[in-house]
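S.K.: Return atomic coordinates for the entry below.
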Amino acid sequence: MEQHRAVVVGAGIGGLAAAVALHRRGWQVTVLERAADLTPVGAGIALAPNAQRALDVIGLGDRVRDLSAWQGDGGMRTPGGRWLARTDAEAAAGRFGGPLVLLHRATLVEILTAALPEDAVRTGVSAAVTDPGDDHRPARVTVTGADTAAGGELEAALVLGSDGIHSATRRTLFPGHPGPRYSGSTSWRVVVPAPARPFAPHETWGAGRLWGSQPLKDGRVYAYAMALAPAGAHAPDDEKAELLRLFGDWHHPVPEILAAVTPDRILRHDVHHLPDPLPAFHRGRVALLGDAAHAMMPSLGQGGNQAIEDAVVLAHHAGDAAGFRPGRALAAYTADRLPRTTAIVRRAARTGAVTMLSARPAVALRDAAVTAVSRFGPGLALRGFDGICDWRPPVGEVPPAGRVIHPA
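M.R.: Coordinates of the predicted model:
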């Protein structure tokens with residue numbers, strides 16, 4: 001057995017963060033990615049203070065903040081433009097110890113990849129766990145690729161399944177689990193040049209529809225949308241035309257953003273989640289993280305944040321490669337992460353159900369409730385993120401609770 005080898009199946013945000021965290025503890029890390037390259041298209045990611053503290057543990061927090069937009073004051077709106085609630089970025093930073101920051105996923109992937117050895121990531125290969133191993137035998141992963149030299153079997157002291165919501169690793173470990181469930185909503189994501197007219201960051205709730213616009217630091221805008229739709233549905237013409245039908249008459253800057261979109265740069269994905277928690281996040285020497293372990297609706301913006309938390313907690317329990325004890329370490333990882341992520345998955349599902357209300361009376365009541373809560377100041381609205389954004393990692397030098405980080 002390769003005593004110090006960790007194999008990561010899937011080069012998403014969580015998998016790369018885990019690879020960096022393990023590499024810093026002396027592990028020989030191999031990341032196996034099915035895609036031909038690591039360039040995500042058309043998507044941003046918001047990193048809350050909890051994820052930033054996790055990135056601080058692996059020495060990357062400052063780099064991420066330097067390249068990110070620091071979210072300013074914004075709020076929630078109706079499709080006609082009326083403000084339902086205003087957000088207070090300073091109040092949020094004070095409550096949770098730092099700001100929310102936003103950057104392109106490709107930028108975050110580049111930061112994480114640059115922290116790994118040059119040969120650590122192998123793209124264009126498929127990987128399957130053929131034996132999860134145990135305390136006395138290694139885990140085994142079969143690798144196949146277009147290049148015959150890429151194939152073969154790897155033995156590893158530790159394997160991480162970071163292969164997404166439809167994870168084959170999860171099915172191998174827990175074949176009886178029902179797997180992901182369709183939420184009833186589909187999503188679109190785009191990144192375009194910023195409109196000439198300025199705007200405040202916002203999320204706009206309609207009847208069974210949602211739109212968000214968030215400025216990036218590089219002069220572009222990350223926009224996302226959701227709408228109720230049958231599973232597997234597609235636009236009869238193209239996705240830009242579909243977005244125009246659904247959102248073309250909404251308030252500024254939505255029409256301007258849509259005008260800048262090219263159809264081939266729109267990402268559309270049905271929203272699935274894992275409402276049924278797994279019995280554990282590990283079996284043998286294999287651990288799951290990110291969407292493979294606890295896929296959640298995007299309504300709290302915590303999917304990628306929780307994957308980054310997973311990464312540093314797993315590395316904390318795995319410890320240095322030479323002293324790794326799989327049974328004890330991975331049981332501790334499950335004990336730390338399963339209750340927390342299960343609660344967040346459920347909270348995200350409840351919030352998602354509220355955002356996607358479609359009946360007019362229910363929408364009117366929802367909007368009135370949001371407006372009423374906002375009148376009590378930002379504290380009441382922010383309370384919904386208590387226990388999420390104020391999380392602190394088990395190890396590492398991180399900003400003390402209550403410290404507010406201000407942009408330069």
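S.K.: in the stretch 301-408 of the chain, which spans are helices?
M.R.: 303-318, 326-355, 360-374, 378-382 (DSSP state H, counting those that start in this stretch).
S.K.: Ok, the chain next?
M.R.: Listed in chain order, the helices of the chain (DSSP state H) span 13-23, 49-57, 61-66, 89-96, 105-114, 168-173, 239-247, 254-260, 291-294, 303-318, 326-355, 360-374, 378-382.
S.K.: in the longest one, what's buried?
M.R.: Of all the residues in helix 326-355, those buried under the rule 16 or more other Cβ atoms under 10 Å are 326, 329-330, 332-334, 336-338, 340-342, 344-345, 347-349, 352, 355. (Glycine included, C-beta is placed from N, CA and C.)
S.K.: And the helices of the stretch 301-408 of the chain, which one averages the lowest pLDDT?
M.R.: Mean pLDDT values for the helices of the stretch 301-408 of the chain show the minimum at helix 378-382, a mean of 78.
S.K.: Pull out the buried residues from it.
M.R.: Per 16+ other Cβ under 10 Å, helix 378-382 contains these buried residues: P378, A381, L382.
S.K.: how about the residues you listed in CSV, adding distance to A46?
M.R.: Below are the buried residues of helix 378-382 laid out as CSV (distance: Cβ to Cβ, whole Å):
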residue, distance to A46
P378, 17
A381, 17
L382, 15
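S.K.: Tell me the one among those nearest to A139.
M.R.: Nearest to A139 among the buried residues of helix 378-382: L382, at 42.3 Å, using Cβ to Cβ.
S.K.: does the closest one really touch A93, like I thought?
M.R.: No - with contact defined as Cβ atoms under 8 Å, L382 and A93 do not form a contacting pair (10.4 Å).
S.K.: Low-confidence regions, the stretch 1-150 of the chain specifically.
M.R.: Low-confidence segments of the stretch 1-150 of the chain (pLDDT under 70): 1-3, 40-42, 146-150.
S.K.: which residues in it form strands?
M.R.: 5-9, 28-33, 44-47, 69-70, 75-77, 83-86, 101-104, 121-123, 125-131, 139-145 (DSSP state E, counting those that start in this stretch).
S.K.: Show me the contact partners of the second one.
M.R.: This points to strand 28-33. The contact list for strand 28-33, computed with Cβ atoms under 8 Å, 6 or more residues apart in numbering, reads 2, 4-11, 15-16, 19, 22-23, 116-117, 120-127, 141, 143, 154, 156, 321.
S.K.: Quick check: can you name the pairing partners of it and their directions?
M.R.: Partners of strand 28-33 in the sheet, by DSSP bridges, are strand 5-9 (parallel), strand 121-123 (parallel).
S.K.: Check which residues of the first one are buried.
M.R.: Read that as strand 5-9. For strand 5-9, using 16+ other Cβ under 10 Å, the buried residues are R5, A6, V7, V8, V9.
S.K.: Please give me every residue in contact with the second one.
M.R.: By that I understand A6. Counting by Cβ under 8 Å, 6+ apart, A6 makes contact with 19, 22, 27-30, 156-160, 318, 321.
S.K.: Just among those residues, which is most surrounded?
M.R.: Using other Cβ atoms under 10 Å as the neighbour test, the contacts of A6 are led by L160, with 32 neighbours.
S.K.: That residue contacts A11, correct?
M.R.: No - counting by Cβ under 8 Å, L160 does not reach A11; the two are 11.0 Å apart.
S.K.: and among the strands of the stretch 1-150 of the chain, the most buried is which?
M.R.: strand 5-9 (a mean of 27; mean count of other Cβ atoms under 10 Å).
S.K.: the inter-axis angle of that strand versus helix 303-318?
M.R.: Taking axes from the mean of the first three to the mean of the last three Cα atoms, to 10 degrees, strand 5-9 and helix 303-318 form an angle of 160 degrees between their directions.
S.K.: Send me strand 5-9 as PDB with only the CA atoms.
M.R.: Output of strand 5-9 as PDB, limited to C-alpha atoms (Å, rounded to 0.1, in the frame of the first residue of the first chain):
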ATOM      1  CA  ARG A   5      -1.100   8.400  -0.800                       C
ATOM      2  CA  ALA A   6      -4.500  10.100  -0.800                       C
ATOM      3  CA  VAL A   7      -6.600   9.800  -4.000                       C
ATOM      4  CA  VAL A   8      -9.300  12.500  -4.600                       C
ATOM      5  CA  VAL A   9     -12.000  11.500  -7.000                       C
END
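S.K.: and the nearest residue to L330 once chain neighbours are set aside, how far is that from R82?
M.R.: Distance criterion Cβ to Cβ, 6 or more residues apart in numbering; nearest residue to L330, sequence neighbours excluded, is H282 at 3.8 Å. According to Cβ to Cβ, to the nearest Å, H282 stands 48 Å off from R82.
S.K.: Many thanks, I have nothing further to ask.
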